[in-house]
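*Asks:* have a look at this prediction, sequence included:
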Amino acid sequence: MANLRCMVPWMVCSIAVILLSSGCETMPEWDSKAMSGSHRVEKKVNSAEKYRMRFQTERDSKALDWILKNRLYSGMTRATVEKELGEEGEYQESSKWLKATGGTFRTTDEAYKWGPDESGRSVYLIFRDDVLVNFNPEDFELD
């Protein structure tokens, strides 16, 4: 019985060492799919950063269009829109003319301007209670 008590800890240690030193040669299938999904998200974020920098530094109109088409949607807060565009919008005090051009705007809605881009175009976005309204990404065609 005494010999068995001495051997059990050594056997447990031996088995633990064997199990810990053996490993898998390849990653499991589920792990590689998870990795590719996170890679796609990372790639989209990197693209957004690339276009944001082009708009900020070069005032590139195509970069602005890409951001408007791919990164903005109705329901976003103004702070989030400003983060996506990389700069604060300029509040438009007299935006009555803009609200009268179409859409279902209220007199209490607030307009902000981004731009101009390299071609002189500015983009006006309308916010209601600090939330982007009446915005359709399909309005911005990409080449």
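*Replies:* Right, received. Where do you want to start? Residues are numbered from 1 along each chain as shown.
*Asks:* quick one: the strands in the chain, in order.
*Replies:* Ranges of strands in the chain, per DSSP state E, are 90-92, 110-114, 123-128, 131-132.
*Asks:* confidence score at the nearest residue to Arg106 once chain neighbours are set aside?
*Replies:* Spatially, and ignoring its direct neighbours in sequence, Arg106 is nearest to Arg128 (6.5 Å; C-beta to C-beta, 6 or more residues apart in numbering). To be clear about C-beta, it is placed using only N, CA and C from the backbone, and glycine gets the same treatment. With respect to pLDDT, Arg128 has a value of 96.
*Asks:* OK, contacts around Arg128?
*Replies:* Contact partners of Arg128, counting by C-beta atoms under 8 Å, 6 or more residues apart in numbering, are Arg106, Thr108, Asp109, Glu110.
*Asks:* hey, what's it bridged with?
*Replies:* Taking DSSP bridges as the rule, Arg128 bridges to Val131.
*Asks:* now it: how far from Ser47?
*Replies:* 29 Å (C-beta to C-beta, to the nearest Å).
*Asks:* try Ala100
*Replies:* Using C-beta to C-beta, Ala100 is found at 36 Å from Ser47.
*Asks:* so between the two, which is more surrounded?
*Replies:* Using other C-beta atoms under 10 Å, the more surrounded residue of Ala100 and Ser47 is Ser47, with 14 against 9.
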